[in-house]
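Visitor: Sharing a model prediction with you, sequence too.
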Amino acid sequence: MKNPIRVAVTGAAGQIGYSLLFRIASGAMFGPDQPVILQLIEAPIEKALKALEGVAMELDDCAFPLLKGIVQTSDPAVGFKDANWCLLVGAKPRGPGMERADLLKDNGRIFIGQGQIIDAVAAADARVAVVGNPANTNCMIAASQAKRLPAERFTAMVRLDQNRAQTQLAKKAGVDLTAVKDIFIYGNHSPSMFPAFEHASIGGKAATRVITDLAWLQGPFCETVGKRGAAVIAARGASSAASAANALVDHVRSLVTPGAIHSVAVKSKGHYGFDPEVWAGMPVRTTTAGSYEVITGYAMDDFAKSKLAATNQELVEERAFVADMIK
Ligand code: NAX
């Protein structure tokens with residue numbers, strides 16, 4: 001039996017947490033032979049901590065063979081201690097009438113603290129995955145606090161957008177989902193993101209040769225993927241939770257699987273025209289467990305270039321809003 005890995009999860013009593021923790025404990029994230037210790041972190045709010053107790057009770061009641069321990073805490077120094085993976089799900093939701101700039105600042109403060117504590121107490125091999133919105137910019141803020149852990153260890157999730165795009169292409173083409181390959185998300189996890197359909201394939205052929213309706217690809221397809229989160233809220237009365245948790249399972253599983261090719265928001269090095277200081281979604285190939293290289297060299301036409309420029313612009317603006325928080 002392998003040694004257990006420590007997985008810290010913030011926002012553990014939230015709705016994504018409720019779908020996520022059971023998947024991690026069952027082996028879906030790290031594999032069926034990898035024991036885990038869950039280190040669950042909640043805000044220091046009585047109601048949230050009480051709810052967390054209930055979640056921990058349910059985890060116990062599942063009798064997962066791989067679950068070797070549960071830590072419940074509102075102290076990040078306890079929750080991130082020796083963590084191999086830090087899954088930053090918890091964040092403040094955007095309230096009624098709240099400006100995006102206020103959300104950026106309020107959440108920025110959370111991610112400053114968490115970035116510093118992770119850098120101080122997490123395991124030497126720690127990896128960080130950010131889900132809490134605005135995910136790319138929160139990730140950038142957390143990474144900027146770290147002196148010990150390199151910036152590449154901090155990734156933000158755009159996998160839900162990739163999964164959404166894959167399904168939309170499969171539905172339009174009338175094929176099984178698994179026939180759709182290499183659909184990658186570029187830029188921000190926001191409606192400005194770009195699902196680069198030109199590089200996707202369907203049943204081994206270029207997606208644009210299978211779906212020849214370019215107006216649909218450039219219009220409704222990009223819009224449906226970009227605004228899917230809002231559509232789920234309108235229908236369900238609550239934001240995406242199970243699908244977000246599933247995407248995080250995919251995000252981490254792909255990052256620990258050498259050879260996997262997938263979309264991750266990572267620190268830009270200027271590829272695809274992204275400002276070198278922002279975290280942007282792009283295609284990566286996992287090299288060794290937890291490490292990756294950006295897949296460069298996909299050619300972009302004028303339409304793609306304009307979409308990349310727009311999502312880059314938004315990331316640059318978000319960065320400017322929180323400039324005083326970045327070290
Ligand atoms: P919930 O409001 O259900 O849960 C959030 C939890 O985080 C709460 O229990 C809260 O007490 C906790 N929390 C707040 N501040 C904390 C802190 N400083 N430390 C620890 N815990 C803290 O939200 P949920 O639906 O679970 O969504 C969580 C985040 O994911 C939100 O920011 C949401 O916008 C974001 N999403 C990101 C997605 C992505 O693809 N990147 C998609 C889904 C989701 O919208």
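Guide: In hand now; what should we look at? Residues are numbered from 1 along each chain as shown.

Visitor: Can you pull the residues of the stretch 101-250 of the chain lying near the ligand?
Guide: Within the stretch 101-250 of the chain, the positions near the ligand by CB under 6 Å from any ligand atom are 110, 131-133, 135, 157, 160, 189, 229, 239-241, 244. Quick note: C-beta positions are derived from backbone N, CA and C, even for glycine.

Visitor: What is the burial count for the residue lying closest to residue 276 once chain neighbours are set aside?
Guide: Distances taken as CB to CB, 6 or more residues apart in numbering put residue 270 closest to residue 276, at 4.7 Å, once the chain neighbours are dropped. Per other CB atoms under 10 Å, the neighbour tally for residue 270 reads 9.

Visitor: my read: residue 270 touches residue 277, true?
Guide: No. Using CB atoms under 8 Å, residue 270 is not in contact with residue 277, being 9.8 Å away.

Visitor: can you pull the alpha-carbon coordinates of the helix ranked longest in the chain into CSV?
Guide: When the chain is parsed with DSSP state H, its longest helix is helix 100-121. Taking Å, rounded to 0.1, in the frame of the first residue of the first chain, the C-alpha atoms of helix 100-121 are listed here in CSV:
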residue,chain,number,x,y,z
ARG,A,100,-16.5,42.8,-10.1
ALA,A,101,-13.7,45.0,-8.8
ASP,A,102,-15.0,44.5,-5.2
LEU,A,103,-15.2,40.8,-5.7
LEU,A,104,-11.6,40.8,-7.1
LYS,A,105,-10.4,42.6,-4.0
ASP,A,106,-12.4,40.7,-1.4
ASN,A,107,-11.3,37.3,-2.8
GLY,A,108,-7.8,38.6,-3.4
ARG,A,109,-7.3,39.1,0.3
ILE,A,110,-8.3,35.4,0.9
PHE,A,111,-5.8,34.2,-1.7
ILE,A,112,-2.9,36.4,-0.3
GLY,A,113,-3.2,34.7,3.0
GLN,A,114,-3.7,31.2,1.6
GLY,A,115,-0.7,31.7,-0.8
GLN,A,116,1.6,32.7,2.1
ILE,A,117,0.5,29.9,4.4
ILE,A,118,0.7,27.2,1.7
ASP,A,119,4.2,28.4,0.9
ALA,A,120,5.1,28.2,4.6
VAL,A,121,3.6,24.9,5.6
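
Visitor: For it, enumerate the helices and strands it packs against.
Guide: Helices and strands touching helix 100-121, by 3 or more CB pairs under 8 Å, 6 or more residues apart in numbering; DSSP states H and E, are helix 76-79, strand 85-88, helix 135-144, helix 302-321.

Visitor: Let me have these in CSV, extended by mean neighbour count, mean pLDDT and distance to residue 170.
Guide: Below are the helices and strands packed on helix 100-121 laid out as CSV (neighbours: other CB atoms under 10 Å; pLDDT from 0 to 100; distance: least, CB to CB, whole Å):
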stretch, mean neighbour count, mean pLDDT, distance to residue 170
helix 76-79, 19, 98, 39
strand 85-88, 29, 99, 28
helix 135-144, 28, 98, 25
helix 302-321, 17, 97, 21
